[in-house]
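Asks: Structure of the sequence below:
(one chain, ligands or ions: 1)
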Amino acid sequence: MVDFTALAKEVAEKIEAASAVTIVTHLNPDPDTLGTGLGIYNLLKKHTSKRVEIVNASKEYPRYLDFLPSFNRIKQKMDFEESLIIGCDCGSIDRFGFDLTGREIINVDHHRSNDMYGTINVVVPEYASASQVAYRLFEKCYPTTPESATCFYTALLSDTRYFTTDTVNYEVFHVAEELVGAGVKPAEVAANFTQRRSLASLRILERALHSLELHLEGKVAVMRIMPEDIAATGATMPDMDGIVDYARSLAVVQIAVLIIGLPDGTLRISLRSKGADVASVAARFGGGGHKVAAGFTLQNKQMQEIVDTILQEISILGLIDG
Ligand SMILES: [Mn+2]
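Replies: Numbers count the residues shown, from 1 in each chain. Next comes the predicted model:
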């Protein structure tokens, strides 16, 4: 297992030695990357006198996360030039969307596919969220605050889909318990997740469900969102988060695929499974992720052609049980 005490000492020394700290979160941000980043941000603000910034290169963030302490501090541009970088929930350096060449990086993540781009790598694939890694690391050098606990808990709740994924175990509940002990209000966090949907998110879900097709004897579900659907509903990327889970929820389905055709011609593909290694499918297209939740992005491709190729790859890789 990871020696958090030793790593925390190294990390704290790096932070102490740095002129400033930039916390970087990944493109198309999810609650884990932002919750992990904000949790660390709140800790450093409270316990150090360093200049700290938190950045995300995307245009849109999930708005329902605005209850997270310091959410309004997240910037699209990096202002510090020689700061120490802390990367959150990101398996490869290009997914940050910033030029980080030559920078010292603390890599805080839980993706098995992480390519260890950091100066210090704190990567624990067994953990359910990057925030679980961050919490176990930073509790060793900076006392947890109610603000940081709320951020870490929110990230954990989201990456475990409300404690339902196969990454959930004793240690996850143990961390959740400690975070609640540190001041998290679980009902408030939950209400932000379940009672603040946008109308666009329901309208786009309706269209995605309408497009659902079953392939390979019903074991693979495919849903498509076309640029017209996005234009008609006004949905943003965060509005489409979680749609693919509806396809996976079908009893017969083993693998679910959601293809989003963005107005600029980009195709974003999300893959989910009930155990099959869909990260291996994503890897074939230059993407990555976790065993049961992965994805990739393509430019200038026909949607139908991609659907056919994905179905072929699933067959070739033998991911479907007979
Ligand atoms: Mn994550």
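Asks: which bits of the chain sit near the ion?
Replies: Taking Cβ under 5 Å from the ion as the contact definition, the chain meets the ion at Asp32, Asp89, Ala130, Asp159. Glycine gets a C-beta too; all of them are placed from N, C-alpha and C.
Asks: Return the closest of those residues with respect to the ion.
Replies: Asp32 (3.4 Å; Cβ to the ion).
Asks: Can you name every helix or strand that the helix or strand containing that closest one contacts?
Replies: Assigned by DSSP states H and E, Asp32 belongs to helix 31-47. When contacts are defined as 3 or more Cβ pairs under 8 Å, 6 or more residues apart in numbering; DSSP states H and E, helix 31-47 packs onto strand 20-25, strand 51-55, strand 84-88, helix 130-138, helix 146-159.
Asks: In its sheet, which strands sit next to the helix or strand hosting Ile260, and in what direction?
Replies: Here Ile260, judged by DSSP H and E, is contained in strand 255-261. Looking at strand 255-261 with DSSP bridges, its partner strands are strand 220-225 (parallel), strand 267-273 (antiparallel).
Asks: so can I have JSON lines of those showing distance to Ser148, mean neighbour count and mean pLDDT?
Replies: Converted to JSON lines, the strands paired with strand 255-261 look like this (distance: least, Cβ to Cβ, whole Å; neighbours: other Cβ atoms under 10 Å; pLDDT from 0 to 100):
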{"stretch": "strand 220-225", "distance to Ser148": "35", "mean neighbour count": "22", "mean pLDDT": "98"}
{"stretch": "strand 267-273", "distance to Ser148": "29", "mean neighbour count": "23", "mean pLDDT": "98"}
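Asks: before we move on, what SS does Val122 have?
Replies: strand (DSSP: H, G, I helix; E, B strand; the rest coil).
Asks: Provide the partner residues of it in its beta bridges.
Replies: Val108.
Asks: is it true that it touches Lys140?
Replies: No. The pair Val122 / Lys140 is not scored as a contact, 11.0 Å apart, by Cβ atoms under 8 Å.
Asks: Determine the residues that are contacts of both of the two.
Replies: The contact sets of Val122 and Lys140 overlap at Phe4, Leu7 (Cβ atoms under 8 Å, 6 or more residues apart in numbering).
Asks: the more surrounded of those two?
Replies: Higher neighbour count among Val122 and Lys140: Val122, with 24 against 15, using other Cβ atoms under 10 Å.
Asks: Name the nearest residue to Ser158, sequence neighbours excluded.
Replies: Leaving aside its sequence neighbours, Ser158 sits nearest to Pro31 (Cβ to Cβ, 6 or more residues apart in numbering; 3.6 Å).
Asks: My error: substitute Ser315 in the last question.
Replies: Nearest to Ser315 is Leu216, by Cβ to Cβ, 6+ apart, at 7.0 Å.
Asks: Next, count neighbours for the one you found.
Replies: Count around Leu216 with other Cβ under 10 Å applied: 15.
Asks: who touches the spatially closest residue to Asn192 that is not a sequence neighbour in this structure?
Replies: Leaving out its chain neighbours, the residue that sits closest to Asn192 by Cβ to Cβ, 6+ apart is Phe67, at 5.0 Å. Phe67 makes contacts with Glu188, Val189, Asn192, as judged by Cβ under 8 Å, 6+ apart.
Asks: Ile106 belongs to a strand, doesn't it?
Replies: Yes. Assignment of Ile106 by three-state DSSP places it within a strand.
Asks: correct me, but it touches Ser83?
Replies: No. The criterion here is Cβ under 8 Å, and Ile106 misses it with Ser83 at 11.4 Å.
Asks: Looking at these two, which is more packed in?
Replies: When neighbours are counted by other Cβ under 10 Å, Ile106 comes out ahead of the other of Ile106 and Ser83, with 24 against 21.
Asks: OK, contacts around the more buried one?
Replies: Applying Cβ under 8 Å, 6+ apart, the residues contacting Ile106 are Val11, Lys14, Leu84, Ile85, Ile86, Gly87, Gly118, Thr119, Ile120, Val122.
Asks: if we go to 10 Å?
Replies: Neighbour list for Ile106: 7, 10-11, 14-15, 18, 21, 23, 40, 84-88, 118-122, 137 [criterion: Cβ atoms under 10 Å, 6 or more residues apart in numbering].
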